[in-house]
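Asks: Sequence first, predicted model second:
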Number of protein chains: 2
Amino acid sequence: MSGTVYLVGAGPGAVDLLTLRAARLLGEADIVFHDALVDAETLALAPRAEKIAVGKRCGKHSTAQRFISKRLVDAAKKHRVVVRLKGGDPMLFGRAQEEIAALGAAGIRYEVVPGVTAALAAAAELSVSLTRRGLSRSVVFATPRIGERESLSSWVNAVRSADTAALYMAAGDAEAVKRELIAAGVSPETPVALAENVSLPGARVEAGVLDELPELAQRRGGGPALVLLGEVWRELAQKIGVSPELLAQTA
Amino acid sequence: MSGTVYLVGAGPGAVDLLTLRAARLLGEADIVFHDALVDAETLALAPRAEKIAVGKRCGKHSTAQRFISKRLVDAAKKHRVVVRLKGGDPMLFGRAQEEIAALGAAGIRYEVVPGVTAALAAAAELSVSLTRRGLSRSVVFATPRIGERESLSSWVNAVRSADTAALYMAAGDAEAVKRELIAAGVSPETPVALAENVSLPGARVEAGVLDELPELAQRRGGGPALVLLGEVWRELAQKIGVSPELLAQTA
């Protein structure tokens, strides 16, 4: 009789943005496998559990995905409550499907617990709704694939076609993100915001226009950052942007 | 000295999918203004508070937005902790910007607390990741505008351009959603799922292909439902779909 593996969203970072269900499961956990980005305060909710970092940091794998999946299967054979804690939401850029497939193939029970994804926490923190009457009826969450050939399903086309965009794992490629979006016809004067360490004490935001994205990205610290684009960010960019005069011209 | 208004995401429905922060604020609330879709168990977390339904149900306004905003401002003048509880996340199809603007104009302090949005809860419940290596790198959240002229920023183009789509407030227009997407070049054999009452005891799912969307929608009960599209839904549709033979042909 094996235990259950819970793939749990840890939310954007602040410990009180975990769900009640996630907190309860952490309290019951025998063992917790967590991403490197999950902070100590969150892990403290699992006092009984052995904690194992299987960290990915800023999109880089420090433990091979296949090895993580194998460890989850092994842990479920020894423990009743196994928690796999992933930053944000497990089903959005969380690589959950590989782990779900491995657990399913091994006949291990699993359950997914959703979480608050970083873009929604950024919107809350900045008081900017991602949808807005008359301005935005669609929001795309994407991750850039630099150098991808443009097509109907390319990342640039997905971003270009939605009213608002949140780009995950993009801040490190700010120069290429700017170049490829502008090459695809996105206006260089599109308002952008760059939100770092969302919901955490070190939270900061830069804002301006797409043309300035590399400069905005250079100012950030080393924390995880989201790139946000679209008209809904204009007011914020005008208020705190590096070149309000540029925005005023294009308003 | 006025109180603070908290615009709080109630999550998809299950009470334990609220965040810890949301639960704490409900416990402290003097007054709670809530959507009609927020259920009794969630409201029970606010034992001290006066509860006022300012319900919107399935996209219909039963209280005018301007009147809701005015009531929030008035309440903040009388109470210390005012909670405006919105289904899902306040910044995604939550009409939060109108309330934020009114509170800002009146000089009332406010704070937004993000929540788990329905599409992420549906993905968790169905064990289908919205992003998936080699299959989906972009996810759009949109609401259809039936009869809109097709353009770069039209809802059909946003849906067509992303790998995975979650359509909010769409199930009631299933026939038109199907017709407009197919007219815009989306394949009638695109896998779809229709998730109703996500995370609640009455949760149910129908799945199949876009061509069958109206039939899937007819089978649902009266609960709020999400329309989900894209290749990531194919396995689910093959497993539970109404016409697995059709999907097998197109796989």
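Replies: Thanks, I have it.
Asks: just checking, what's the longest helix in chain A?
Replies: helix A:65-78 (DSSP state H).
Asks: what packs against that helix?
Replies: Contact partners of helix A:65-78 among helices and strands, from 3 or more Cβ pairs under 8 Å, 6 or more residues apart in numbering or on different chains; DSSP states H and E: strand A:4-9, strand A:31-34, strand A:81-86, helix A:96-105. Backbone N, C-alpha and C define where each C-beta goes, glycine included.
Asks: so after the last one, what's the next helix or strand?
Replies: Just to be clear, that refers to helix A:96-105. strand A:109-113 (DSSP states H and E).
Asks: That following strand versus strand A:4-9: what angle between them?
Replies: 20 degrees (axes from the mean of the first three to the mean of the last three Cα atoms, to 10 degrees).
Asks: residues making contact with strand A:109-113?
Replies: A:2-9, A:19, A:21-22, A:25, A:76, A:90-91, A:96, A:99-100, A:103-104, B:123-125, B:127 (Cβ atoms under 8 Å, 6 or more residues apart in numbering or on different chains).
Asks: Mind giving me the ChimeraX command for buried ones among the residues you listed?
Replies: Here the buried members of these are turned into a ChimeraX selection, burial being counted by 16 or more other Cβ atoms under 10 Å in any protein chain shown:
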select /A:2,3,4,5,6,7,8,9,19,21,22,25,76,90,91,96,99,100,103 /B:123,124,125,127
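Asks: before we move on, the earlier item: what would the helices and strands packed on helix A:65-78 look like in JSON lines with mean pLDDT and distance to residue A:119?
Replies: Below are those laid out as JSON lines (pLDDT from 0 to 100; distance: least, Cβ to Cβ, whole Å):
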{"stretch": "strand A:4-9", "mean pLDDT": "98", "distance to residue A:119": "13"}
{"stretch": "strand A:31-34", "mean pLDDT": "97", "distance to residue A:119": "21"}
{"stretch": "strand A:81-86", "mean pLDDT": "98", "distance to residue A:119": "15"}
{"stretch": "helix A:96-105", "mean pLDDT": "96", "distance to residue A:119": "17"}
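Asks: Run through chain A and note the low-pLDDT ranges.
Replies: A:55-63, A:242-251 (pLDDT under 70).
Asks: ranges for the strands of the stretch 151-251 of chain A?
Replies: Ranges of strands within the stretch 151-251 of chain A are A:164-167, A:191-196, A:204-209, A:225-230, based on DSSP state E, counting those that start in this stretch.
Asks: helices or strands up against the second one?
Replies: Counting contacts by 3+ Cβ pairs under 8 Å, 6+ apart, the secondary-structure elements packed against strand A:191-196 are helix A:118-126, strand A:204-209, helix A:213-219, strand A:225-230, helix A:234-240.
Asks: Quickly run through the sheet partners of the second one, with directions.
Replies: Strands adjacent to strand A:204-209 in the sheet, as given by DSSP bridges, are strand A:191-196 (antiparallel).
Asks: CA-only coordinates of the partner strand in PDB, if you can.
Replies: Output of strand A:191-196 as PDB, limited to C-alpha atoms (Å, rounded to 0.1, in the frame of the first residue of the first chain):
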ATOM      1  CA  PRO A 191       3.700  49.700 -22.100                       C
ATOM      2  CA  VAL A 192       5.700  47.100 -20.200                       C
ATOM      3  CA  ALA A 193       6.300  46.300 -16.500                       C
ATOM      4  CA  LEU A 194       8.900  44.100 -15.000                       C
ATOM      5  CA  ALA A 195       7.900  42.700 -11.600                       C
ATOM      6  CA  GLU A 196      10.600  41.000  -9.500                       C
END
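Asks: how about the helices and strands packed on strand A:191-196 in a markdown table, adding distance to residue A:159?
Replies: Formatted as a markdown table, the helices and strands packed on strand A:191-196 follow (distance: least, Cβ to Cβ, whole Å):
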| stretch | distance to residue A:159 |
| --- | --- |
| helix A:118-126 | 13 |
| strand A:204-209 | 15 |
| helix A:213-219 | 12 |
| strand A:225-230 | 7 |
| helix A:234-240 | 17 |
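Asks: quick one: which of these is nearest residue A:82?
Replies: helix A:118-126 (24.7 Å; Cβ to Cβ).
Asks: How far does whichever helix or strand comes after that closest one sit from its chain's centre?
Replies: Going down the chain from helix A:118-126, the next helix or strand is strand A:138-142, by DSSP H and E. Between the centre of strand A:138-142 and the centre of its chain there are 12 Å (Cα atoms, centre = their mean, to the nearest Å).
Asks: Just name whatever secondary elements strand A:138-142 is in contact with.
Replies: Contacts defined by 3+ Cβ pairs under 8 Å, 6+ apart place strand A:138-142 against helix A:155-161, strand A:164-167, strand B:138-142, helix B:155-161.
Asks: Which elements pack onto the last one?
Replies: Put plainly, it is helix B:155-161. Going by 3+ Cβ pairs under 8 Å, 6+ apart, helix B:155-161 lies up against strand A:138-142, helix A:155-161, strand B:138-142, strand B:164-167, helix B:174-183.
Asks: Tabulate these in JSON lines, adding columns for distance to residue B:111 and mean neighbour count.
Replies: Putting those into JSON lines (distance: least, Cβ to Cβ, whole Å; neighbours: other Cβ atoms under 10 Å in any protein chain shown) gives the following:
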{"stretch": "strand A:138-142", "distance to residue B:111": "21", "mean neighbour count": "30"}
{"stretch": "helix A:155-161", "distance to residue B:111": "29", "mean neighbour count": "25"}
{"stretch": "strand B:138-142", "distance to residue B:111": "23", "mean neighbour count": "30"}
{"stretch": "strand B:164-167", "distance to residue B:111": "26", "mean neighbour count": "28"}
{"stretch": "helix B:174-183", "distance to residue B:111": "35", "mean neighbour count": "19"}
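Asks: ok, now how distant is residue A:184 from chain B?
Replies: According to Cβ to the nearest Cβ, to the nearest Å, residue A:184 stands 11 Å off from chain B.
Asks: Tell me the residues of the stretch 101-250 of chain A that contact chain B?
Replies: Selection of the stretch 101-250 of chain A residues close to chain B by Cβ under 8 Å from any Cβ of the partner chain yields A:110, A:112-117, A:120-121, A:123-125, A:127-133, A:137-143, A:145, A:152-153, A:155, A:157-163.
Asks: related to what we said a few turns ago, out of the helices and strands packed on helix B:155-161, which gets nearest to residue B:224?
Replies: strand B:164-167 (12.1 Å).
Asks: Could you list the residues in contact with that closest one?
Replies: Contacts of strand B:164-167 (Cβ under 8 Å, 6+ apart): B:118-119, B:122, B:130-131, B:136, B:138-144, B:158-159, B:177, B:226-232.
Asks: neighbouring strands for that strand, and are they parallel or not?
Replies: strand B:138-142 (parallel), strand B:225-230 (antiparallel).
Asks: Could you dump these into JSON lines and include distance to residue A:172?
Replies: Shown next, in JSON lines, are the strands paired with strand B:164-167 (distance: least, Cβ to Cβ, whole Å):
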{"stretch": "strand B:138-142", "distance to residue A:172": "18"}
{"stretch": "strand B:225-230", "distance to residue A:172": "27"}
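Asks: looking at those, which is closest to residue A:241?
Replies: Per Cβ to Cβ, nearest to residue A:241 of the strands paired with strand B:164-167: strand B:138-142, 25.9 Å.
Asks: any idea of the angle the closest one forms with helix A:118-126?
Replies: Going by the same axes, to 10 degrees, strand B:138-142 makes 50 degrees with helix A:118-126.
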